[in-house]
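Visitor: The sequence isn't on hand, but the structure is:
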């Protein structure tokens, strides 16, 4: 069930391997372009639109009939109503199943029209009935855990690596959950009567290890599988097609795509979405309407951005893999715009030496970002657990953007050269 990632170790074979990686990235992009949102891979029947079309039009289909072209931003926190009995009935209905209240909005924590447009669009792209947006990816994951906890299902089975804060949330038991960490092959044996969730990332943050989601979903049985799809996006894979019940995104990343919005979202069936809305209402982790607008705008260019950045990444993988200053390169078989690589020298010197590339945490923006996971994104994970899951001290994570690939390589080349110069100075001083 553990597919790994394209892990390039033999320097003599690097060029051939990278040709295959680049080809895989191209095929993944084409597959995403050809796929159908909502019913991906089922052909072009009535009402079924390609993912690229959904990215532009989902959540906006009613605008032209209203005489609008741009999506309106509804900043209201409350909505007037002269029918208090009707309001009571709608709130009672929401308390029963968490369904979106019929009629006009009631209050910002119950829902917002602008945010609802983004939720509709993301559900279409992921091929689910519904989606529920939150103020951050961690708020979204917390809501999922609280839904299961409320049913007495506090046990979680998870596969490392995960995003560092997701790992910390589970390990520390901050929401009353208990986690069992396993290899993919151990999922079925780890399940208990009180297991409420199986949690995986594929490709994983930051090693880009890939998992066989279909096999994992089978091993889960009736326990919901939550797949974090932040790195791949629905352009490269849709986990529900492989058996996942829940799909998590840190929407801050590729869905927004410009480094100017923080959000999270869970795509799922309507029954689970209703429970998530109830948790969101009770805990207050709502998404701001302006963020909903920016995310919906970001989705319209998502396929174009992911494919262009993936092409840049595949070329950088080729060059990094042939560079003797780099000892290992990790790149997923499905392609994508994320690269992880390990260096001969001091990774902190690489971070300090970049000038075009932005040395910052996060990912998925139009500009290229680099960070040292052991120091930042995964610092909260115990050092032994971190290294055991492949997050070594020399590992760097690169989120490739839309710049010219030659400019990016020149910056990386200079940064890698800085480690050589520093090493030479150290040797002379000795």
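Guide: Arrived safely. On a predicted model such as this, the values are computed, not experimentally measured, just so you know.

Visitor: Wait, residue 301 touches residue 257, no?
Guide: Yes - using Cβ atoms under 8 Å as the test, residue 301 is close enough to residue 257 to be in contact (6.8 Å). C-betas here are computed from N, CA, C, even on glycine.

Visitor: The two: who's more crowded?
Guide: residue 257 (28 against 15; other Cβ atoms under 10 Å).

Visitor: Does the more buried one touch residue 362 like I think?
Guide: No - at 11.4 Å, residue 257 does not count as touching residue 362 under the criterion of Cβ under 8 Å.

Visitor: List the buried residues in stretch 311-328.
Guide: Buried residues in stretch 311-328, defined by neighbour count with 16 or more other Cβ atoms under 10 Å: 311-321, 323, 325-328.

Visitor: err, stretch 296-303, not the other one
Guide: By 16+ other Cβ under 10 Å, the buried positions in stretch 296-303 come out as 296-300, 302-303.

Visitor: need those in TSV with secondary structure and distance to residue 212, can you?
Guide: Rendered in TSV, the data for the buried residues of stretch 296-303 read as follows (DSSP: H, G, I helix; E, B strand; the rest coil; distance: Cβ to Cβ, whole Å):
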residue	secondary structure	distance to residue 212
296	helix	32
297	helix	34
298	helix	30
299	helix	28
300	helix	32
302	helix	25
303	helix	25
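
Visitor: if we can go back for a sec, please flag which of the buried residues of stretch 311-328 sit within strands.
Guide: Judged by DSSP state E, the buried residues of stretch 311-328 include 326-328 as members of strands.

Visitor: tell me which of the residues you listed is nearest to residue 175?
Guide: residue 328 (35.5 Å; Cβ to Cβ).

Visitor: so that closest one bridges to which residues?
Guide: Taking DSSP bridges as the rule, residue 328 bridges to residue 342.

Visitor: State the pLDDT value of it.
Guide: Residue 328 carries a pLDDT value of 97.

Visitor: pretty sure it contacts residue 339?
Guide: No - the pair residue 328 and residue 339 does not pass the contact test of Cβ under 8 Å, sitting 11.2 Å apart.

Visitor: Pipe the buried residues of stretch 296-303 into TSV and attach distance to residue 415 and pLDDT per row.
Guide: Rendered in TSV, the data for the buried residues of stretch 296-303 read as follows (distance: Cβ to Cβ, whole Å; pLDDT from 0 to 100):
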residue	distance to residue 415	pLDDT
296	36	98
297	33	98
298	29	98
299	33	98
300	34	98
302	29	98
303	30	98
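
Visitor: Those into TSV, with extra columns for distance to residue 68?
Guide: Below are the buried residues of stretch 296-303 laid out as TSV (distance: Cβ to Cβ, whole Å):
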residue	distance to residue 68
296	13
297	14
298	19
299	18
300	15
302	22
303	24
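
Visitor: got the contact list for the nearest residue to residue 250 once chain neighbours are set aside?
Guide: Among residues not flanking residue 250 along the chain, residue 137 sits closest, at 3.1 Å (Cβ to Cβ, 6 or more residues apart in numbering). Counting by Cβ atoms under 8 Å, 6 or more residues apart in numbering, residue 137 makes contact with 163, 230, 248-252, 263-264.
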